[in-house]
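J.: Could you look at this predicted model? Sequence included:
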Amino acid sequence: MLTGAGVSAESGVPTFRDAQTGLWARFDPRELATPAAFAKNPRLVWDWYAWRRERVSRVEPNAGHRALVEIERRVPEFVLITQNVDGLHQRAGSRRIVELHGNITRVKCSREGTHVERWDASDGEVPQCPSCGALLRPDVVWFEEMLPPDALAAAENAASRCDLMLVAGTSAEVYPAAALPRFAEEAGAIVVEVNPDSTALSHRVDYALRAPSGVALPALVAASWTA
Ligand code: APR
């Protein structure tokens, strides 16, 4: 299973390529989520993530997330590879998750990469690493950065061993995640896309379920196990 931002859309988390609303509408995420943006204006990038973290903390997992928990319960080999950083799969109850792009709820040292459990941003400044004094940053993968090698290896391994790959809520435009369905395809797996719109992947998949994931995934569970 590979998920992207669309799976959280029905929870009220805007997809990455949607227009942003409110305060941050004039910023393009692709310009804020880069190492260069953080080097130039760490406060702006920190505040943007703080705003997103706060928004995500106020929304709930949806029926699509819950259906994936149900699949995990019934399919021992099930692996959930996600590009999402919102932590909603975990909050829904999924456990076997490979996070390709990190998690917005975690923070790490911008120099050493070590995780930091507690930080204080109450003075409005970007907090610093308690051990080396460098600025803290969200534990997410920015544009131009490498994916965590272990997560990528686990994802490629799972994709190349599966016999069915569901791909839900992703535009399949951002690599290397977008290449994972090809691993499955080359291993002879059936690839099923769940997305109301067609994507860069659509022409290659075996089946396309053109519906929101909050509808299609529960329907898939119902059709698979209650017939
Ligand atoms: N159900 C399923 N799919 C949906 C829904 C829904 N309810 N609503 C929207 N979608 C689809 C859109 O049609 C689109 O194809 O979700 C996809 C979202 O695409 P993107 O915004 O490009 O998100 P994603 O593919 O996850 O982006 C990949 O790029 O920006 C980086 O790191 C960021 O993880 C992100 C990565």
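T.: Yep, that arrived. Numbering: from 1, shown residues only.

J.: residues near residue 190, how many?
T.: Residue 190 has 14 neighbours, counted by other C-beta atoms under 10 Å. Where C-beta positions appear, they are placed from N, C-alpha and C, glycine not excepted.

J.: partner residues bridging it?
T.: residue 164 (DSSP bridges).

J.: ok, now which ones touch it?
T.: 163-165, 206-207 (C-beta atoms under 8 Å, 6 or more residues apart in numbering).

J.: So residue 4 sits against residue 81, correct?
T.: No: judged on C-beta atoms under 8 Å, residue 4 makes no contact with residue 81 at a distance of 10.0 Å.

J.: can you list residues touching both of these two?
T.: By C-beta under 8 Å, 6+ apart, the residues touching both residue 4 and residue 81 are residue 177.

J.: So the spatially most central residue of the chain: helix, strand or coil?
T.: The geometric centre of the chain, computed from its C-alpha atoms, lies nearest to residue 84 (C-alpha atoms, centre = their mean), at 1.1 Å. Following DSSP: H, G, I helix; E, B strand; the rest coil, the label given to residue 84 is coil.

J.: ok, it - contacts?
T.: 3-5, 7-8, 101.

J.: Ranking by neighbours, what's the top pick from these?
T.: When neighbours are counted by other C-beta under 10 Å, residue 7 leads the contacts of residue 84 with 33 neighbours.

J.: Show me the strands in the protein, by range?
T.: 2-3, 80-82, 97-99, 102-109, 115-116, 136-140, 164-168, 190-194, 207-209 (DSSP state E).

J.: quick one, which of those is packed in tightest?
T.: strand 2-3 (a mean of 29; mean count of other C-beta atoms under 10 Å).

J.: tell me what the lowest-mean-pLDDT helix or strand in the chain is packed against?
T.: Across the helices and strands of the chain, mean confidence by mean pLDDT, DSSP states H and E is lowest for helix 29-32: a mean of 79. Secondary-structure packing of helix 29-32 (3 or more C-beta pairs under 8 Å, 6 or more residues apart in numbering; DSSP states H and E): helix 42-57.

J.: so the helix it packs on versus strand 136-140, what angle?
T.: 50 degrees (axes from the mean of the first three to the mean of the last three C-alpha atoms, to 10 degrees).

J.: same for helix 42-57, what does it pack against?
T.: helix 29-32, helix 35-40, strand 102-109, strand 136-140.

J.: any low-confidence regions in this protein?
T.: 16-24, 227 (pLDDT under 70).

J.: Return the set of buried residues in the least confident helix or strand of the chain.
T.: 29, 32 (16 or more other C-beta atoms under 10 Å).

J.: Need the CA coordinates for that helix. PDB is fine.
T.: C-alpha atoms of helix 29-32 as PDB (Å, rounded to 0.1, in the frame of the first residue of the first chain):
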ATOM      1  CA  PRO A  29       4.900  24.800  -0.100                       C
ATOM      2  CA  ARG A  30       7.600  23.900  -2.700                       C
ATOM      3  CA  GLU A  31       9.400  27.100  -1.800                       C
ATOM      4  CA  LEU A  32       9.100  26.600   2.000                       C
END
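
J.: Fine, thanks again, bye for now.
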